[in-house]
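Q: only the shape, not the letters, is given here:
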């Protein structure tokens, strides 16, 4: 189910309590995602880096603690787990937050535990007692599902979490959010897709040619977001042409004389990629996964 971030209603009691402790107003997409969580839906939040997706995950933590249950916050790498553990510890106190990575175990029995995704997958297969009372799971950087080497871990977690656990999926780089959200709803039940295109922190790309750094694209190009017309910066084009002209005028020796140094190519690439489940099902649950919406997930 897709939600228009601008179409939000008044917050419920838990969201109202959560907002009072923030000290700032939520953006429309944050409110839409939090309201979906308050209505016991799973959510898929796709928004640019720096837009504030983490607030939605923190609201899931708030809901779990308010109901006396547990929330697991998963990340793909230990560094992110350590950072999120520090953030949550500062807010809720060290007695409420734990950390589990491959080589670190801190307060593992806490109601809020930050962990790498592989740790949660291992818990599910071991039917760990730590899963009792679990109400919410936050999967940060959920686009790792499309990773050809580690994506199966994300798929297995999504498939094997208990049905009553609400899943909060966060990503800045999923390009096919509606398609991915439809698959999530098929395997997890009610899932609200919230997409926000506004980038509060501008993304500027540069290219180094020789010893000079240029903007890759012309900042005066028209349009916003995906509709922006990408025009290579004119100063960059002119400089590269001048260097090529200079190289052609240089004399070459007959026996392996001077050759111009290699010039870096200018490559423009998208910052988003498709995030689809694989075409095959998880080996542990052969009938649990519907056909993939695309075969592009891990190629």
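A: That came through, no problem. Computed from a predicted structure; not experimentally measured.
Q: so residue 15 is in contact with residue 36, correct?
A: No - using Cβ atoms under 8 Å, residue 15 is not in contact with residue 36, being 10.5 Å away. Where you see a C-beta, it was placed from the backbone N, CA and C, and this is true even at glycine.
Q: so those two - more neighbours on which side?
A: residue 36 (25 against 20; other Cβ atoms under 10 Å).
Q: after the strand or helix carrying the more buried one comes which helix or strand?
A: Taking DSSP states H and E as the criterion, residue 36 maps to helix 28-38. Next helix or strand after helix 28-38 toward the C-terminus (DSSP H and E): strand 42-46.
Q: partner strands of that following strand and their direction?
A: strand 166-171 (parallel), strand 191-195 (parallel) (DSSP bridges).
Q: tell me, how many residues neighbour residue 154?
A: Residues near residue 154, counting by other Cβ under 10 Å, number 26.
Q: correction: residue 59
A: Using other Cβ under 10 Å: residue 59 sits among 27 other residues.
Q: from residue 68, how far out is it?
A: 16 Å (Cβ to Cβ, to the nearest Å).
Q: repeat that for residue 105.
A: 23 Å.
Q: please name the residues that touch the residue nearest the centre of the chain.
A: Closest residue to the average C-alpha location of the chain: residue 171 at 2.1 Å, with Cα atoms, centre = their mean. By Cβ atoms under 8 Å, 6 or more residues apart in numbering, the contact set of residue 171 is 44, 45, 46, 53, 141, 142, 143, 275.
Q: same thing but 10 Å
A: Residue 171 makes contact with 44-47, 53, 139-145, 177, 180, 272, 275 under the criterion Cβ atoms under 10 Å, 6 or more residues apart in numbering.
Q: next: residue 56.
A: So residue 56 contacts 26, 29-34, 36-37, 43, 45, 47, 138, 168-170, 194 (Cβ under 10 Å, 6+ apart).
Q: point out where the stretch 151-299 of the chain drops to low pLDDT.
A: The stretch 151-299 of the chain contains residues with pLDDT under 70 at 221-229, 247-299.
Q: all strands of it, in order?
A: For the stretch 151-299 of the chain, the strands defined by DSSP state E, counting those that start in this stretch occupy 166-171, 191-195, 206-209, 212-215.
Q: quick check: residue 73 touching residue 168?
A: Yes - shown here, residue 73 and residue 168 form a contact pair, counting by Cβ atoms under 10 Å, at 8.9 Å.
Q: who touches both of these two?
A: Joint contacts of residue 73 and residue 168 (Cβ under 10 Å, 6+ apart) are 57, 58, 60, 61, 136, 137, 138, 139, 140.
Q: can you tell me which of these end up in strands?
A: 136, 137, 138, 139, 140 (DSSP state E).
Q: pick out the most distant pair among the residues you listed.
A: 136 and 140 (13.0 Å; Cβ to Cβ).
Q: find residues that contact each of the two.
A: Counting by Cβ under 10 Å, 6+ apart, the residues touching both residue 136 and residue 140 are 57, 73, 168.
Q: what sits against residue 105?
A: 98, 99, 113, 115, 119.
Q: okay, the residues you listed in JSON lines with distance to residue 204 next?
A: Compiled in JSON lines, the contacts of residue 105 are given as follows (distance: Cβ to Cβ, whole Å):
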{"residue": "98", "distance to residue 204": "38"}
{"residue": "99", "distance to residue 204": "34"}
{"residue": "113", "distance to residue 204": "37"}
{"residue": "115", "distance to residue 204": "34"}
{"residue": "119", "distance to residue 204": "36"}
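Q: in TSV: those, plus pLDDT.
A: Output for the contacts of residue 105, formatted as TSV (pLDDT from 0 to 100):
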residue	pLDDT
98	97
99	98
113	98
115	97
119	96
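Q: quick one: which of these is nearest residue 164?
A: residue 113 (18.0 Å).
Q: now the closest one, which residues is it bridged with?
A: Residues in beta-bridge contact with residue 113 (DSSP bridges): residue 72, residue 98.
Q: tell me how far residue 243 lies from residue 237.
A: Applying Cβ to Cβ to residue 243 and residue 237 gives a distance of 11 Å.
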